[in-house]
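1. quick one: sequence and predicted model below, then my questions.
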Amino acid sequence: MRYLLDVSALVAFGFQEHEFHPRMANWARKVALESEAELLSCSITELGFVRVLSQTPQYGGTVSDARALLLQLKANAAVKFMFVPDEHDISQLPLWVASPKQITDGHLTRLAAAHNGVLATLDTKIPRAYLIPATK
């Protein structure tokens, strides 16, 4: 299975002090056991990761620090990371998108499907997305 991580999932996976890092790390270990499993990123998720980590005081990093952390995460993850290109325009936005807060989620859902994957998230409100399970 291929999982396109949304920004929140990518931040939780990459930043060890994040409250949901244990949840992400546990799930990633399970995904790594799947022979065909891949984690996907794209321009939106990678830029979002750098934006969040460099502008959120609790994360305390610079743009350069966040970029380096993401590159390290992608190179060292136990499960294969793959960057997918994004050639979708507004015509690809799902019809269920009704509010500004849903635009990126809708776009990423369609992008994941176009690359034979599913959007993986910690958000319970995204239609057709895979909810990363809570740590038990």
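-> Happy to help now that I have it. Residues are numbered from 1 along each chain as shown.
2. can you classify the closest residue to residue 114 other than its chain neighbours as helix, strand or coil?
-> Distances taken as C-beta to C-beta, 6 or more residues apart in numbering place residue 88 nearest to residue 114, at 6.9 Å, with adjacent residues excluded. To be clear about C-beta, it is placed using only N, CA and C from the backbone, and glycine gets the same treatment. Recorded secondary structure, residue 88: coil (DSSP: H, G, I helix; E, B strand; the rest coil).
3. any idea how far residue 88 lies from residue 51?
-> Relative to residue 51, residue 88 is positioned 20 Å away (C-beta to C-beta, to the nearest Å).
4. likewise for residue 123?
-> Noted for residue 123: a distance of 17 Å to residue 51, by C-beta to C-beta.
5. repeat for residue 104
-> For residue 104 relative to residue 51 (C-beta to C-beta), the value is 12 Å.
6. could you do residue 20 as well?
-> Distance from residue 20 to residue 51, by C-beta to C-beta: 18 Å.
7. ok, these two, which is more surrounded?
-> More neighbours surround residue 20 than the other of residue 20 and residue 51, with 18 against 14 (other C-beta atoms under 10 Å).
8. can you list the weak-confidence ranges in this protein?
-> The chain contains residues with pLDDT under 70 at 77, 136.
9. what's in contact with stretch 110-118?
-> The contact list for stretch 110-118, computed with C-beta atoms under 8 Å, 6 or more residues apart in numbering, reads 1-4, 38, 40, 42, 84, 86, 88, 92-94, 119, 128-130.
10. strands along the protein, start to end?
-> Along the chain, counting by DSSP state E, strands occupy 2-5, 38-41, 81-83, 118-121, 130-131.
11. make a markdown table out of those strands and add mean neighbour count and distance to residue 31.
-> Converted to a markdown table, the strands of the chain look like this (neighbours: other C-beta atoms under 10 Å; distance: least, C-beta to C-beta, whole Å):
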| stretch | mean neighbour count | distance to residue 31 |
| --- | --- | --- |
| strand 2-5 | 25 | 7 |
| strand 38-41 | 22 | 7 |
| strand 81-83 | 14 | 11 |
| strand 118-121 | 24 | 9 |
| strand 130-131 | 15 | 10 |
